[in-house]
Each structure stands twice: as structure tokens, then as C-alpha cells.
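Trainee: Below are the sequence and a predicted model for it; my questions follow.
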Amino acid sequence: MLLAALKRLEETVEAETDALLALRPTDHAALNRAKSQSLLELIRLTRGLDPAGIDATTAIHLARLRDKLARNQEVVGLHLRAVEEIGDTLAAAALRAESDGTYTARIGHDS
């Protein structure tokens, strides 16, 4: 059961990372829901689990998941920074469009 849960989470994280890198339209709410469900399942399955009792296959999947989560964190961070930059650009453009220039310094005029 633990191995199956790890594989599902791995697939979900990989799907999100791939979609963001490919700039594909993505249902982020569905991906977040799937990640949350997988994490909850892992928490329930690992309660009271002795780390020394983890078999080699599960340990390999845990290491792969850790690597995929690190990559996902990088890609999501890039995506969020891009969204912030776009938002800043749109806000600045909206402010310029609304301004009538009354309080803007004019080049070439002595005050």
C-alpha cells in the first residue's frame, strides 16, 4: 500500500512539473487536490512506521519522490515569479492608462 501511494504521488508531482515546463493549460485545483490526498494517505500509512523497516524498493521510491519534489518546487517557484511579474506589469500598465499626466514630471519644461 505504501509503495502504491508513493507511486501515485510521484506521478502527480511529475505531471504538474511537466505541465508547467510545457506551458500546458493545467487544472491546478485538481493537481493540488490530488497532491493533498496523496500526502494525507502517506501520513496515515507511515504513522508508527519504523524507518529501519523500509525495504529497498520503497527507499528507492522515497528518494525519487524527494528528487521530484525538489524539481517541482523549483518549477513552481519559477511559475509563481513569472505570474508576479506579469501581475506587476499589468498593474503598472493599468496605472499608466488611468493617469491623465497631471502629476507626471514633464521633460523640457522649467517649473
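Mentor: Structure received. Numbers count the residues shown, from 1 in each chain.

Trainee: which residues sit in contact with the residue nearest the centre of the chain?
Mentor: For the chain, residue 76 is the residue whose C-alpha lies nearest the centre (CA atoms, centre = their mean; 3.1 Å). Applying CB atoms under 8 Å, 6 or more residues apart in numbering to residue 76 gives the contacts 16, 20. Where C-beta positions appear, they are placed from N, C-alpha and C, glycine not excepted.

Trainee: Roughly how far does it sit from residue 33?
Mentor: In this view, residue 76 and residue 33 are 16 Å apart by CB to CB, to the nearest Å.

Trainee: need the helices for the chain, in chain order.
Mentor: Assigned by DSSP state H, the chain shows helices spanning 2-21, 28-46, 56-98.

Trainee: quick one: the closest residue to residue 57 other than its chain neighbours from residue 46, how far?
Mentor: Take residue 57 and drop its neighbours on the chain: the residue closest to it by CB to CB, 6 or more residues apart in numbering is residue 3, 6.5 Å away. Distance of residue 3 to residue 46, computed by CB to CB: 12 Å.

Trainee: Same check on residue 62?
Mentor: From residue 62 to residue 46 the distance is 10 Å (CB to CB).
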